[in-house]
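Undergrad: quick one, fold the following:
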Amino acid sequence: MIQQTALSTACSRRNFLASLSTREGHNPQFEFLRPTHSLFGYFNQLVEQYRKIVYPPKELLERLKRAVEQDARWKTLEVARQHAKWEKNKREREQRRQDDQEADRRMCMRLLRSFRLIYYFIWKRCRGGNRLPRVCYCPDH
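TA: Got it, this is the predicted structure:
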């Protein structure tokens with residue numbers, strides 16, 4: 001319902017919307033025409049998009065006419081090649097970055113696994129009730 005109304009509004013300008021609002025003002029199916037309704041913004045966006053399709057800008061039409069000329073095919077092909085090259089370089093950079101991150105992660109894991117417990121603390125009560133650590137060497141680790 002919203003899409004059909006938006007298309008009709010885009011084709012026939014705002015006078016259709018004003019007459020429809022007065023005629024269907026009490027119909028619950030057309031409540032989205034009220035500015036306070038939550039779907040009013042969505043409806044307006046649809047109208048604007050349909051208007052761009054029904055009445056395209058003149059510069060867009062000129063650009064399309066130039067694109068279908070005989071020489072324009074080669075220009076379009078060159079633009080497509082440049083874009084493909086850019087995409088390939090972007091993917092390669094992303095892959096290198098991911099590989100570097102994975103290598104860093106593996107190196108950190110290797111370093112963490114190489115640490116061993118060499119010293120441990122023995123807590124012993126000394127005079128005065130203070131607990132002080134005594135460092136001992138643990139050769140079996």
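
Undergrad: what average pLDDT does the helix or strand containing L46 get?
TA: Here L46, judged by DSSP states H and E, is contained in helix 40-54. Per-region confidence: helix 40-54 scores 85 on mean pLDDT.

Undergrad: tell me the buried residues in stretch 19-30?
TA: Buried residues in stretch 19-30, counted by 16 or more other C-beta atoms under 10 Å: 20, 30. No exception for glycine: its C-beta is placed from N, CA and C like everyone else's.

Undergrad: residues touching that stretch, excluding its own?
TA: Taking contacts as C-beta atoms under 8 Å, 6 or more residues apart in numbering, the residues outside stretch 19-30 that touch it are 1, 5, 8-9, 33.

Undergrad: ok, 10 Å please
TA: The contact list for stretch 19-30 (C-beta atoms under 10 Å, 6 or more residues apart in numbering) reads 1-2, 5, 8-9, 12, 31, 33-34, 37.

Undergrad: just the CA trace of it, in CSV.
TA: The C-alpha atoms that make up stretch 19-30 are tabulated as CSV, following Å, rounded to 0.1, in the frame of the first residue of the first chain:
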residue,chain,number,x,y,z
SER,A,19,-6.3,15.1,-2.5
LEU,A,20,-5.6,11.6,-1.2
SER,A,21,-4.9,12.9,2.3
THR,A,22,-8.2,14.7,2.4
ARG,A,23,-10.2,11.8,0.9
GLU,A,24,-8.7,9.0,2.9
GLY,A,25,-7.9,11.0,6.1
HIS,A,26,-9.9,8.7,8.4
ASN,A,27,-8.9,5.4,6.7
PRO,A,28,-6.5,3.5,9.0
GLN,A,29,-4.6,2.0,6.0
PHE,A,30,-3.5,5.6,5.0
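
Undergrad: from the contacts of stretch 19-30, which is closest to A84?
TA: If you rank the contacts of stretch 19-30 by distance to A84 using C-beta to C-beta, I2 comes first, at 39.1 Å.
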